[in-house]
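A.B. asks: Just need the structure, nothing else, for what follows:
(2 chains)
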2 protein chains.
Amino acid sequence: MVSLPLAPGSTIGILGGGQLGRMLAEAASRLGFDVAVLEREADSPAGRIAAHTIVAPYDDAEALKALAGLAGVVTYEFENVPAASVAQLAAMGVEVAPGARVLAVAQDRVEEKTFLNAHGVATVAFAAAATAAEATEAVARIGAPCLMKTRREGYDGKGQRWVEHVDKAAEVFAALGGRPVIVEAPADFVRELSVIAARGRDGATAVYPLAENHHEDGILRRSLAPAAASTALADQAERIAAQILSGLDYVGVIGVELFELKDGRLLVNEIAPRVHNTGHWTQDGCEVDQFEQHIRAVAGWPLGPTRAIAGVEMLNLLGAEVDAWPRYAAEPETRLHLYGKRGAKPGRKMGHINRVKPLS
Amino acid sequence: MVSLPLAPGSTIGILGGGQLGRMLAEAASRLGFDVAVLEREADSPAGRIAAHTIVAPYDDAEALKALAGLAGVVTYEFENVPAASVAQLAAMGVEVAPGARVLAVAQDRVEEKTFLNAHGVATVAFAAAATAAEATEAVARIGAPCLMKTRREGYDGKGQRWVEHVDKAAEVFAALGGRPVIVEAPADFVRELSVIAARGRDGATAVYPLAENHHEDGILRRSLAPAAASTALADQAERIAAQILSGLDYVGVIGVELFELKDGRLLVNEIAPRVHNTGHWTQDGCEVDQFEQHIRAVAGWPLGPTRAIAGVEMLNLLGAEVDAWPRYAAEPETRLHLYGKRGAKPGRKMGHINRVKPLS
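C.D. replies: Next up, the predicted model:
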């Protein structure tokens, strides 16, 4: 077993080589760690700044063994890590954080909402269905219009559809591949918010100020942080984050997407057991950003401060939008974070900017 | 020839794989660049986070060719880059920044002070000597006690000695290896300050606030920034930086070490044509730190803002002092920057911390 806290000079393993892995690797570098990336594709954004890169599927036993030989602690940049991979790493004595329990919860929308409700955290009403008949019954129970989503996988609006009428339930179920689904009541929200929080190996928690998020076509476009929020709302968000973190015996940074209702109540939309796009503002709005915070947590270090030191508008650069980098580079208030991805396919996250202003 | 400004996704070459190279590589990563490091030693701090590492002497023709094949722009982390290497890279159509002219000036203490005085920048009185007889004559002219330093090389207090009496000049000259030396009058300074400044390819300049520096045994221990300074003093430093940058037709970040005299005048002690230890405070005290600023400049991007957003006490961690990392990690006001070096030899720069406080 690795001795914690992990000393500088040690190697941290990261499953996944995308932009989140890259920004985790940047933070790890600042703290004196080496990084080993396991990623399916060669020449990945994180792999290019890692001391070690293993190019293989995430469930490749030899690759996992190689990773275990390099890294004292392993983390991941996405929630669809195969459970068997985490089990194999654990069996080899490697700490994986966040752990297997949270992956089981986060990989299945029904498990996720069931967990949340069981821990006193409100969500929209939902029902599970595994057949067309069950799907019709679920829509009848929840009431159309409602959302039908595959229980597993799906991100950035993929794997989900609206059901306008109960008669359409079976058709939508088939269109989603006939796989097990969740049927969710729509949330009548006034704003989408998110809270980024962290829990250390010692059980200490730290919560960043709320971000207000704006999506287009299911993809995050813009976050404003710290979001304008009453103390009561901030306290509510902090309580929700604390419930989730302790309920999962969590280690690392978590992203919690929230719906703010007219009456001021917050519902949890979904949780992401990793650093989160809506937390990118912390890079320029906080002294310790979500990436360093995650590295600190998984390495067994004390958590850092989470208060805001600046107001930030975070804007995702999708596809060819990244070509506007010369304009952004010339804006004194704009900090660029580019991912070094080779192809700017439409909708692909190529980078983001943080426009910084003094706290009002 | 490379087309400037250099687009994200391009590769920036760095000569030198130490901590300055590593922090330059971290900044380059944030802006979406790849890095290629040429460094004599394998497993270097910068090499471990670079997409490409070439392990070879800095004057290895094949290695320089390989670097030129990868990188559109090449920069360096130390001023003793062989002039022939820069010439070879230039001959292969690679932009080297800062360029050959500044290296010639910065590699020779006599050239450096001659350049400064010729551009209206004051230094201590000095005299050059190449023989024991000339050394004695130079000490007689400058007046003992005075400093004798080798003209070339030497850093962190190495390659220099005090001459207490003119009778000792020949002896000190021999002790320094009988190489060409500079004899310098001591500066009767009240404080050691430094100014970090940058010049872009478009000739624009940006100057960071002054840092106040404290050395021990010739090695920087501590910087306080922004230093308490009158507007007149800050203006004087800014004017000095501007004279040097334009005089050298400079591209990149430069560190200028200053002596503040009792009468408020500033003398330049030395210049370092690179990111500088006394500029590490900018990582947590400014929106764009000296490392990103240098990458911006050499890549032909616009310079970023240089005003301070926080007060910083920068403390170097030398040798085994880095073992105190758990204590620093637990201080909420302390940001750690560790270099991932393998051996903590006495006096070796292993990392630094920035203790941050609100601007007063």
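
A.B. asks: so where do the helices sit in chain A?
C.D. replies: A:19-30, A:61-70, A:83-91, A:100-106, A:109-118, A:132-142, A:169-175, A:231-247, A:282-285, A:290-298, A:325-329 (DSSP state H).

A.B. asks: Surely A:Ala46 is in contact with A:Leu38?
C.D. replies: No. Taking contacts as CB atoms under 8 Å, A:Ala46 lies outside contact range of A:Leu38: 9.9 Å. Yep, even glycine has a C-beta here, placed from its N, CA and C like the rest.

A.B. asks: more crowded one of these two?
C.D. replies: A:Leu38 (32 against 27; other CB atoms under 10 Å in any protein chain shown).

A.B. asks: Now do stretch A:92-111, average pLDDT.
C.D. replies: Averaging pLDDT along stretch A:92-111 gives 93.

A.B. asks: how about it: buried residues?
C.D. replies: A:94-100, A:102-103, A:105-111 (16 or more other CB atoms under 10 Å in any protein chain shown).

A.B. asks: about what we covered before: in TSV, list the helices of chain A along with distance to chain B.
C.D. replies: Supplementary listing: these in TSV, determined by distance: least, CB to the nearest CB, whole Å:
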stretch	distance to chain B
helix A:19-30	5
helix A:61-70	12
helix A:83-91	22
helix A:100-106	24
helix A:109-118	31
helix A:132-142	44
helix A:169-175	38
helix A:231-247	18
helix A:282-285	7
helix A:290-298	7
helix A:325-329	5
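
A.B. asks: Let me have those in JSON lines, extended by distance to B:Ala87.
C.D. replies: Below are these laid out as JSON lines (distance: least, CB to CB, whole Å):
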{"stretch": "helix A:19-30", "distance to B:Ala87": "32"}
{"stretch": "helix A:61-70", "distance to B:Ala87": "40"}
{"stretch": "helix A:83-91", "distance to B:Ala87": "51"}
{"stretch": "helix A:100-106", "distance to B:Ala87": "56"}
{"stretch": "helix A:109-118", "distance to B:Ala87": "62"}
{"stretch": "helix A:132-142", "distance to B:Ala87": "73"}
{"stretch": "helix A:169-175", "distance to B:Ala87": "66"}
{"stretch": "helix A:231-247", "distance to B:Ala87": "58"}
{"stretch": "helix A:282-285", "distance to B:Ala87": "40"}
{"stretch": "helix A:290-298", "distance to B:Ala87": "41"}
{"stretch": "helix A:325-329", "distance to B:Ala87": "31"}
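
A.B. asks: mind checking which of those is nearest A:Asn269?
C.D. replies: helix A:109-118 (9.8 Å; CB to CB).

A.B. asks: elements contacting that closest one?
C.D. replies: Packing partners of helix A:109-118 (3 or more CB pairs under 8 Å, 6 or more residues apart in numbering or on different chains; DSSP states H and E): helix A:100-106, strand A:126-129, strand A:181-184, helix A:231-247, strand A:266-272.

A.B. asks: okay, the angle between it and helix A:231-247?
C.D. replies: 110 degrees (axes from the mean of the first three to the mean of the last three CA atoms, to 10 degrees).

A.B. asks: From the chain's centroid, how far away is helix A:109-118?
C.D. replies: 17 Å (CA atoms, centre = their mean, to the nearest Å).

A.B. asks: who's in contact with it?
C.D. replies: For helix A:109-118, contacts defined as CB atoms under 8 Å, 6 or more residues apart in numbering or on different chains pick out A:104-106, A:122-123, A:126, A:128, A:149-152, A:180, A:182, A:244, A:247-248, A:268, A:270-271.

A.B. asks: Report the buried members of those.
C.D. replies: Buried residues within these, counting neighbours by 16+ other CB under 10 Å: A:105-106, A:123, A:126, A:128, A:149-152, A:180, A:182, A:244, A:247-248, A:268, A:270-271.

A.B. asks: between the helices and strands packed on helix A:109-118, which gets the lowest average pLDDT?
C.D. replies: Of all the helices and strands packed on helix A:109-118, helix A:100-106 has the smallest average pLDDT, which comes to a mean of 91.

A.B. asks: Who are the packing partners of that helix?
C.D. replies: helix A:83-91, helix A:109-118, strand A:266-272.

A.B. asks: want to throw these into TSV with distance to B:Gln283?
C.D. replies: Putting the helices and strands packed on helix A:100-106 into TSV (distance: least, CB to CB, whole Å) gives the following:
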stretch	distance to B:Gln283
helix A:83-91	33
helix A:109-118	38
strand A:266-272	28
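
A.B. asks: Please identify the most buried of the ones you listed.
C.D. replies: Counting by mean count of other CB atoms under 10 Å in any protein chain shown, strand A:266-272 has the highest mean neighbour count of these, with a mean of 21.

A.B. asks: Tell me the strands beside it, with direction?
C.D. replies: Using DSSP bridges, the strands paired with strand A:266-272 are strand A:252-261 (antiparallel).

A.B. asks: average pLDDT for the strand it pairs with?
C.D. replies: On average, strand A:252-261 scores 98.

A.B. asks: count of neighbours near the residue in the stretch 1-150 of chain A that chain B sits nearest to?
C.D. replies: Nearest to chain B, among the residues of the stretch 1-150 of chain A, is A:Gly32, at 2.7 Å (CB to the nearest CB). Per other CB under 10 Å, the neighbour tally for A:Gly32 reads 23.

A.B. asks: What distance do you get for it to A:Ser85?
C.D. replies: Computed as CB to CB, to the nearest Å, the A:Gly32 to A:Ser85 distance reads 27 Å.

A.B. asks: which residue does the stretch 101-250 of chain A bring closest to chain B?
C.D. replies: Closest point on the stretch 101-250 of chain A to chain B, by CB to the nearest CB, is A:Ala206, at 10.2 Å.

A.B. asks: Determine the number of other residues adjacent to that residue.
C.D. replies: When neighbours are counted by other CB under 10 Å, A:Ala206 comes out with 22.

A.B. asks: Apart from its chain neighbours, what residue comes closest to A:Ser360?
C.D. replies: A:Gly311 (6.5 Å; CB to CB, 6 or more residues apart in numbering or on different chains).

A.B. asks: Just list the residues touching that neighbour, thanks.
C.D. replies: A:Gly311 neighbours (CB under 8 Å, 6+ apart): A:Leu224, A:Ala225, A:Pro226, A:Gly285, A:Val356, A:Lys357, A:Pro358, A:Leu359, A:Ser360.

A.B. asks: can you tell me how far the nearest residue to A:Glu79 once chain neighbours are set aside sits from B:Glu171?
C.D. replies: Closest residue in space to A:Glu79, ignoring its immediate chain neighbours: A:Ala106 at 4.5 Å, by CB to CB, 6+ apart. A:Ala106 sits 73 Å away from B:Glu171, going by CB to CB.

A.B. asks: re earlier: weed out the non-buried ones from the contacts of A:Gly311.
C.D. replies: Buried subset of these (neighbour count, 16+ other CB under 10 Å): A:Leu224, A:Ala225, A:Pro226, A:Gly285, A:Val356.

A.B. asks: Can you mark which positions in stretch A:270-286 are buried?
C.D. replies: A:270-286.

A.B. asks: And for stretch A:344-360?
C.D. replies: For stretch A:344-360, the neighbour count (16+ other CB under 10 Å) marks A:Ala344, A:Gly347, A:Arg348, A:Lys349, A:Met350, A:Gly351, A:His352, A:Ile353, A:Asn354, A:Arg355, A:Val356 as buried.

A.B. asks: Format these as TSV; extra columns: distance to chain B.
C.D. replies: Shown next, in TSV, are those (distance: CB to the nearest CB, whole Å):
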residue	distance to chain B
A:Ala344	10
A:Gly347	18
A:Arg348	13
A:Lys349	12
A:Met350	8
A:Gly351	6
A:His352	11
A:Ile353	11
A:Asn354	10
A:Arg355	11
A:Val356	6
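
A.B. asks: and these, which two are the farthest apart?
C.D. replies: Farthest pair in the buried residues of stretch A:344-360, by CB to CB: A:Gly347 and A:Val356, 26.1 Å.

A.B. asks: Where does pLDDT dip in chain A?
C.D. replies: For chain A, applying pLDDT under 70 flags the ranges A:1, A:154-157.
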